[in-house]
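S.K.: any chance you could fold what I've pasted below:
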Amino acid sequence: MEEIECDVVIVGGGPAGCTCGLYTARGSLKTVILDKNPDAGALAITSTIANYPGVDPTITGTALLDNFREQAVSYGVDYRQAQVFMVDFDDESDIKTVYTPELTVRARSMVLATGALGRKPTFR
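M.R.: Alright, predicted model coming up:
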């Protein structure tokens with residue numbers, strides 16, 4: 001299993017996650033985005049973006065998300081498609097560990113940007 005150490009791990013690759021990643025990477029922080037599915041989420045299933053300033057009103061949600069990801073990656077974000085199944089917070093070292101089936105990411109900071117689609121929690 002691959003292990004990555006970074007400054008910031010972002011769980012969620014939608015608009016908020018990509019924007020966060022863009023800014024942290026521009027701030028010279030080693031950043032990893034974990035996105036369970038780049039074709040899921042409220043924006044990805046939107047056929048036309050008509051009310052977003054500065055954007056061609058004929059662009060699809062998927063195309064806009066692709067632009068977000070490409071821009072974040074161009075600034076140095078390590079974008080990974082991976083389903084997070086567990087997180088752990090170590091109080092002593094202040095390290096956050098995120099587990100996926102393919103890799104483990106350890107970071108000083110973690111951002112949860114998991115989106116706006118209505119989903120029932122999978123925990124009790």
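S.K.: chain center to the single longest helix found in the chain: distance?
M.R.: Longest helix in the chain, counting residues (DSSP state H): helix 61-74. On the basis of Cα atoms, centre = their mean, to the nearest Å, helix 61-74 sits 11 Å off its chain's mean C-alpha point.
S.K.: in this structure, where is pLDDT below threshold?
M.R.: Along the chain, the parts satisfying pLDDT under 70 run over 117-124.
S.K.: tell me where the chain has strands.
M.R.: Along the chain, counting by DSSP state E, strands occupy 2-11, 31-35, 78-81, 86-90, 95-99, 103-112.
S.K.: most tightly packed of the ones you listed?
M.R.: With neighbours defined by mean count of other Cβ atoms under 10 Å, none of those is more surrounded on average than strand 31-35, at a mean of 26. All C-beta atoms are positioned from the backbone trio N, CA, C, and that covers glycine.
S.K.: as CSV, the strands of the chain with distance to Ala42 would be great.
M.R.: Converted to CSV, the strands of the chain look like this (distance: least, Cβ to Cβ, whole Å):
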stretch, distance to Ala42
strand 2-11, 16
strand 31-35, 14
strand 78-81, 18
strand 86-90, 23
strand 95-99, 23
strand 103-112, 16
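S.K.: between those, which gets nearest to Thr48?
M.R.: With Cβ to Cβ as the criterion, Thr48 lies closest to strand 31-35 of the strands of the chain, at 22.6 Å.
S.K.: and Ala107, bridged to which residues?
M.R.: Counting by DSSP bridges, Ala107 forms beta bridges with Cys6, Lys96.
S.K.: from Val98, how far out is the residue lying farthest from the centre of the chain?
M.R.: In the chain, counting by Cα atoms, centre = their mean, Glu92 sits farthest out from the average C-alpha position, at 26.0 Å. Distance from Glu92 to Val98, counting by Cβ to Cβ, to the nearest Å: 18 Å.
S.K.: likewise for Ala25?
M.R.: Taking Cβ to Cβ as the measure, Ala25 and Val98 are separated by 17 Å.
S.K.: likewise Pro15?
M.R.: Relative to Val98, Pro15 is positioned 20 Å away (criterion: Cβ to Cβ).
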